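J.: got a sequence here, can you build the structure:
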Amino acid sequence: MGMPFSAVISIAVVVVLYFSPALIDRFVVEPFRPYLPGATAPPPGVEAARAPLGLPPAASPSKAFVLQPVSDLSQPFVAYDPCRPIHYAVRPENAPAGGEELIRQAVAEVSAATGLRFVSDGTTAEAPGDQRKPYQPDRYGNRWAPVLIAWSTPAQSPRLEGKVAGFGGSARAEASDRRSAFITGQVVLDAPDLSTIMQRPNGPMQVRAIIMHELGHVVGLDHVDDPTQLMNAENSGVLGFAEGDRAGLAVLGGGPCIPEL
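T.: Sure thing, here's the model as predicted:
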């Protein structure tokens with residue numbers, strides 16, 4: 001004899017009630033999570049294209065470059081998603097005259113060497129900081145915050161004390177399949193020191209090279225021992241990307257597209 005219909009309904013109700021929190025979280029809450037107050041990530045795939053927006057140029061087989069270390073040994077390197085643009089915004093406070101143009105030139109050099117597409121979001125009042133949040137919807141909308149390029153001082157950014165003319169780096173995020181990509185970053189420039197360098201005969205070119213060096217860190221290059229490369233920690237007159245730098249930048253322009261982020 002079959003189970004009474006009322007009993008079937010009762011069991012169904014119990015099952016629904018038991019699993020409803022998980023079902024609601026998965027099918028109702030999860031799609032709207034990026035839009036809820038306190039969200040730590042934007043909706044996935046914002047501005048993601050189906051193919052890379054550009055391709056890295058052919059580079060020499062030089063090994064005079066070092067990629068930033070990766071904790072997950074199953075992943076060869078971490079880079080920005082080439083299928084979406086890298087937005088950047090500049091904090092102009094303390095900037096020397098001509099600084100905006102030097103940033104534009106430096107970004108163009110990195111873009112050409114990687115094939116990555118950069119988009120200027122203009123200026124911002126955001127201050128740099130070690131605890132910078134990668135997602136700031138109130139300031140930048142429902143996408144990852146742009147790369148911040150900020151002119152600063154040692155008083156504002158203590159890491160600039162001493163002979164440090166600037167520093168740069170990026171934050172990464174991990175997709176459900178454990179693949180990682182850089183999502184935003186920042187470059188902090190010592191405005192007083194660089195303003196002094198700007199007064200030298202080839203000062204603007206030196207400052208541009210410093211900005212390029214820090215942007216190299218942003219897209220994933222580490223320091224190298226070779227003094228002929230721009231990514232050498234103690235730059236002694238190199239004013240542009242050398243063969244090894246360009247080989248590394250070409251590698252970083254060929255990262256995977258990760259629309260899940």
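J.: buried stuff in stretch 235-250?
T.: 235, 238, 241-242, 244-250 (16 or more other Cβ atoms under 10 Å). C-beta here means a position set from N, CA and C on the backbone, and glycine is covered the same way.
J.: then stretch 221-228?
T.: In terms of neighbour count (16+ other Cβ under 10 Å), stretch 221-228 has its buried residues at 221, 224, 226.
J.: returning to that earlier point: and the buried residues of stretch 235-250, which is closest to residue 57?
T.: residue 250 (6.2 Å; Cβ to Cβ).
J.: residue contacts, the closest one?
T.: Contacts for residue 250 (Cβ atoms under 8 Å, 6 or more residues apart in numbering) come out as 56-59, 113-115.
J.: just the buried ones from those, in ChimeraX syntax?
T.: To isolate the buried subset of these in ChimeraX, counting by 16+ other Cβ under 10 Å, use the following:
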select :56,59,113,114,115
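J.: just put the contacts of residue 250 in a markdown table and tack on pLDDT.
T.: A markdown table is the format used below for those (pLDDT from 0 to 100):
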| residue | pLDDT |
| --- | --- |
| 56 | 95 |
| 57 | 94 |
| 58 | 91 |
| 59 | 84 |
| 113 | 98 |
| 114 | 98 |
| 115 | 98 |
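J.: now, which of the contacts of residue 250 sits nearest residue 83?
T.: Nearest to residue 83 among the contacts of residue 250, with distances taken as Cβ to Cβ, is residue 115, at 11.4 Å.
J.: just give me the longest strand of this protein.
T.: If you go by DSSP state E, the chain has its longest strand at strand 180-190.
J.: okay, now residue 149: neighbour count?
T.: 31 (other Cβ atoms under 10 Å).
J.: go on, residue 251?
T.: Neighbours of residue 251 (other Cβ under 10 Å): 19.
J.: three-state assignment of it?
T.: Classification of residue 251 using DSSP: H, G, I helix; E, B strand; the rest coil returns helix.
J.: pretty sure it is touching residue 77, no?
T.: Yes: the criterion here is Cβ atoms under 8 Å, and residue 251 meets it with residue 77 at 6.9 Å.
J.: quick check, pLDDT for residue 10.
T.: On pLDDT, residue 10 comes in at 59.
J.: and the one 10 residues further on, by the same measure?
T.: Confidence per residue is given as pLDDT, and for residue 20 that number is 57.
J.: which stretches of the stretch 151-261 of the chain form strands?
T.: Shown for the stretch 151-261 of the chain, the strands assigned by DSSP state E, counting those that start in this stretch span residues 166-174, 180-190.
J.: Provide the strand pairings for the first one, with the direction of each partner.
T.: The one in question is strand 166-174. strand 180-190 (antiparallel) (DSSP bridges).
J.: just the CA atoms of the strand it pairs with, as PDB, please.
T.: Extracted C-alpha coordinates of strand 180-190, given in PDB (Å, rounded to 0.1, in the frame of the first residue of the first chain):
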ATOM      1  CA  SER A 180      44.700  33.600  -9.700                       C
ATOM      2  CA  ALA A 181      45.000  36.900 -11.400                       C
ATOM      3  CA  PHE A 182      46.000  40.400 -10.300                       C
ATOM      4  CA  ILE A 183      42.900  42.600  -9.900                       C
ATOM      5  CA  THR A 184      44.300  46.000  -8.900                       C
ATOM      6  CA  GLY A 185      47.500  47.600  -7.600                       C
ATOM      7  CA  GLN A 186      49.200  50.800  -6.700                       C
ATOM      8  CA  VAL A 187      52.400  52.800  -7.400                       C
ATOM      9  CA  VAL A 188      53.500  55.200  -4.800                       C
ATOM     10  CA  LEU A 189      56.000  57.900  -5.900                       C
ATOM     11  CA  ASP A 190      58.300  60.100  -3.700                       C
END
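J.: lowest-confidence helix or strand of the chain?
T.: Using mean pLDDT, DSSP states H and E, the weakest-scoring helix or strand in the chain turns out to be helix 5-24, at a mean of 55.
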